[in-house]
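>>> Build the 3D model from these lines:
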Amino acid sequence: MAENTPTLTDRNLEASTIISLKREPACFAFLCSGAEHPPLPVDSINLDLASADYFGGRASIWATLEIRSGATNERPMAVLGFDETFLRPFTRALVEASTTRIAHRMTIAEGERCGRHRVVEYVTGNGSPLTELVLTPHDHVVLVGTSSSPGDPDETLFQLPRTDSFLRVFTKMTFQADQTLRDTLADMEKLARRQKVG
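Numbering: from 1, shown residues only. The predicted model follows:
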């Protein structure tokens with residue numbers, strides 16, 4: 001009789017988290033302040049589980065926030081990459097900025113694991129690490145940007161709608177995605193314990 005090998009449950013985060021923005025106020029991704037191309041219209045967003053592995057002796061996952069645009073034939077393009085600790089505070093910051101109409105600065109704390117960033121942005125480069133996100137509300141959208149050097153203006157990365165309908169759907173989506181990421185981590189920890197025992 002063959003021995004059962006424990007495996008991780010396949011979780012298709014991309015398919016379960018896609019949100020269409022076509023009925024929301026027009027949103028754009030900005031390819032950096034010195035870009036040669038105009039801002040890219042955003043037709044939908046989704047999350048994707050990019051990797052699940054072990055780093056520094058601990059289970060670790062990396063996810064991305066992706067946009068899709070008719071201008072790029074709906075190909076996914078990652079705008080943010082982040083670890084499992086990001087979704088809850090980001091969602092709180094987005095809701096707070098949207099409802100209070102006051103800009104919110106979200107500090108990204110240093111991770112416990114040396115040599116690995118907790119949040120990076122892919123809009124202006126190939127994974128630039130972030131220490132702070134700035135969420136600035138306007139009439140119909142919230143600008144999500146990065147804090148630059150003192151004295152320099154903040155750089156906008158992309159926009160998200162600030163409508164009630166979007167915030168409800170986004171909050172529900174990130175709650176479910178956060179639970180999926182935590183379930184994946186728990187399963188990875190169980191597998192690691194079984195392998196140590198076995």
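>>> distance between the top helix by length along the chain and the chain's centre?
Ranked by residue count and defined by DSSP state H, the top helix of the chain is helix 164-197. Distance of helix 164-197 from the chain centroid (Cα atoms, centre = their mean, to the nearest Å) equals 13 Å.
>>> Just the buried residues of that helix, please?
166-167, 170, 173-174, 177-178, 180-181, 184-185, 187-188 (16 or more other Cβ atoms under 10 Å). Any C-beta I mention is one placed from the backbone N, CA and C, and that applies to glycine too.
>>> Now tabulate the residues you listed in JSON lines and tack on distance to R75 and pLDDT.
Listed next are the buried residues of helix 164-197 as JSON lines, based on distance: Cβ to Cβ, whole Å; pLDDT from 0 to 100:
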{"residue": "F166", "distance to R75": "22", "pLDDT": "97"}
{"residue": "L167", "distance to R75": "27", "pLDDT": "97"}
{"residue": "F170", "distance to R75": "22", "pLDDT": "97"}
{"residue": "M173", "distance to R75": "21", "pLDDT": "95"}
{"residue": "T174", "distance to R75": "23", "pLDDT": "96"}
{"residue": "A177", "distance to R75": "21", "pLDDT": "94"}
{"residue": "D178", "distance to R75": "26", "pLDDT": "93"}
{"residue": "T180", "distance to R75": "23", "pLDDT": "91"}
{"residue": "L181", "distance to R75": "24", "pLDDT": "91"}
{"residue": "T184", "distance to R75": "25", "pLDDT": "89"}
{"residue": "L185", "distance to R75": "29", "pLDDT": "88"}
{"residue": "D187", "distance to R75": "30", "pLDDT": "87"}
{"residue": "M188", "distance to R75": "29", "pLDDT": "86"}
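>>> what is the residue nearest in space to the middle of the chain paired to in the beta sheet?
Central residue of the chain (Cα atoms, centre = their mean): L65, 3.7 Å from the mean position. Beta-bridge partners for L65, by DSSP bridges, are L47, L80.
>>> and K172, what is it in contact with?
Not one residue lies near K172 by Cβ atoms under 8 Å, 6 or more residues apart in numbering.
>>> Let's see the pLDDT reported for it.
K172 carries a pLDDT score of 96 in this model.
>>> And the helices in the chain, which stretches?
With DSSP H, the ranges of helices along the chain come out as 13-17, 87-100, 164-197.
>>> Which residues does the shortest one contact?
Contacts with helix 13-17, where a contact means Cβ under 8 Å, 6+ apart, come from 46-49, 63, 66, 76, 173, 176-177, 180-181.
>>> Report the buried residues of that helix.
Under the neighbour-count criterion of 16+ other Cβ under 10 Å, helix 13-17 has 13, 17 buried.
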